[in-house]
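A.B. asks: just a sequence and a predicted model for now, questions to come.
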Amino acid sequence: HVHNRHHGRNGNSAGGDFQVTVTELRELMELRGADALQKIQDSYGDTEGLCQRLLSSPTDGLSGDPADLEQRCQRFGKNFIPPKKPKTFLELVWEALQDVTLIILEAAAIISLGLSFYQPPDKDMCGHVSGGEDESEGDTGWIEGAAILLSVVCVVLVTAFNDWSKEKQFRGLQSRIEQEQRFTVVRKGNVIQIPVADMVVGDLAQVKYGDLLPTDGILVQGNDLKLDESSLTGESDHVRKSVDKDPMLLSGTHVMEGSGRMLVTAVGVNSQTGIIFTLLGAGDLEEDVKEKKGL
């Protein structure tokens with residue numbers, strides 16, 4: 001009865017296509033172990049029922065039809081986490097200026113300049129201002145302060161330029177890795193490798209020893225599968241995953257033993273890694289998520 005009622009409600013909200021929403025999948029992937037199994041049983045009957053809701057097959061995967069893949073991208077998002085906006089050169093200059101040593105040097109330079117321009121009049125007995133050797137010293141007294149300020153400017157510019165070039169190199173390397181990284185999925189019964197960015201919700205992905213999971217998923221079939229979830233939980237012990245006890249596979253975790261197949265349930269900003277990136281202050285991510293949800 002619960003299953004039928006849930007089915008009807010989702011069918012109406014999905015417009016007759018995918019009978020499950022992004023919000024429901026996100027809530028499901030927040031659960032672990034027995035709680036997750038209970039949620040799957042109550043809402044979808046079993047994992048195969050969730051596959052049917054996502055118009056996917058637990059054995060053959062997706063059809064690979066471009067129109068279907070595009071529809072999934074629009075509905076559930078792409079497997080891409082937009083990077084934070086790079087800092088401008090002026091922002092890097094401002095950060096370099098926050099160094100304590102440079103602040104002390106700046107203060108010393110300003111004091112030195114102020115003293116060089118201030119000359120108390122030296123009056124003789126008759127009240128006349130006497131000139132002499134001090135005038136030549138006063139003319140060149142500003143050089144010390146200016147030299148300190150010049151050295152501070154040089155240090156700040158060099159530091160900011162180094163930070164800017166390193167950040168540019170890092171972003172170039174990161175984008176190249178993202179473009180070249182591929183993952184094994186099953187589409188139309190064939191095992192193929194596709195770019196990680198092309199993975200969509202409903203894909204049937206093959207996981208094996210050594211893989212870094214690029215998406216969230218639910219285990220459909222496993223063979224002595226153990227994962228390292230320390231990147232998410234901090235727990236160093238390997239976690240055993242099985243269809244009947246704990247089928248929840250999370251992005252950003254490493255496969256340490258065994259193999260299996262998982263149904264992709266969350267990608268990009270909706271995956272656990274994407275959610276963490278959003279919480280860590282990537283403000284532009286929050287805006288993108290709100291735009292997609294129409295908020």
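C.D. replies: In hand now; what should we look at? Values in this document were obtained by computation on a predicted structure and should not be read as measured data.

A.B. asks: ok, for residue 33, nearest residue in space, not its chain neighbours?
C.D. replies: residue 246 (4.7 Å; CB to CB, 6 or more residues apart in numbering). (Each C-beta comes from the backbone N, C-alpha and C, glycine too.)

A.B. asks: quick check: beta-bridge partners of the one you found?
C.D. replies: residue 242 (DSSP bridges).

A.B. asks: I figured it was touching residue 240, is that so?
C.D. replies: Yes - between residue 246 and residue 240 a contact is recorded at 7.2 Å, counting by CB atoms under 8 Å.

A.B. asks: residue 220 and residue 59, how far apart?
C.D. replies: Distance, residue 220 to residue 59, using CB to CB, to the nearest Å: 9 Å.

A.B. asks: those two - which one has more neighbours?
C.D. replies: Of the pair residue 220 and residue 59, residue 220 is the one with more neighbours under other CB atoms under 10 Å, namely 21 against 13.

A.B. asks: what's near enough to touch the more buried one?
C.D. replies: Applying CB atoms under 8 Å, 6 or more residues apart in numbering to residue 220 gives the contacts 47, 51, 58, 204, 243, 247, 260, 261, 262, 263.

A.B. asks: and the helices in the stretch 51-200 of the chain?
C.D. replies: 66-76, 89-96, 100-117, 133-140, 142-180 (DSSP state H, counting those that start in this stretch).

A.B. asks: helices and strands around the second one, which ones?
C.D. replies: Spelled out, it's helix 89-96. Contacts defined by 3 or more CB pairs under 8 Å, 6 or more residues apart in numbering; DSSP states H and E place helix 89-96 against helix 142-180.

A.B. asks: any weak-confidence spans in the stretch 151-295 of the chain?
C.D. replies: 173-175, 177-179, 281-295 (pLDDT under 70).

A.B. asks: just checking, residue 207 is part of a strand?
C.D. replies: Yes - applying DSSP: H, G, I helix; E, B strand; the rest coil, one finds residue 207 inside a strand.

A.B. asks: identify the bridge partners of it.
C.D. replies: Here residue 207, judged by DSSP bridges, has bridge partners residue 260.

A.B. asks: mind listing what it touches?
C.D. replies: Contacts of residue 207 (CB under 8 Å, 6+ apart): 213, 225, 249, 255, 259, 260, 261, 262.

A.B. asks: A strand includes the fourth one, no?
C.D. replies: Yes - secondary structure of residue 255, determined by three-state DSSP: located in a strand.

A.B. asks: any idea how far residue 142 is from it?
C.D. replies: 67 Å.
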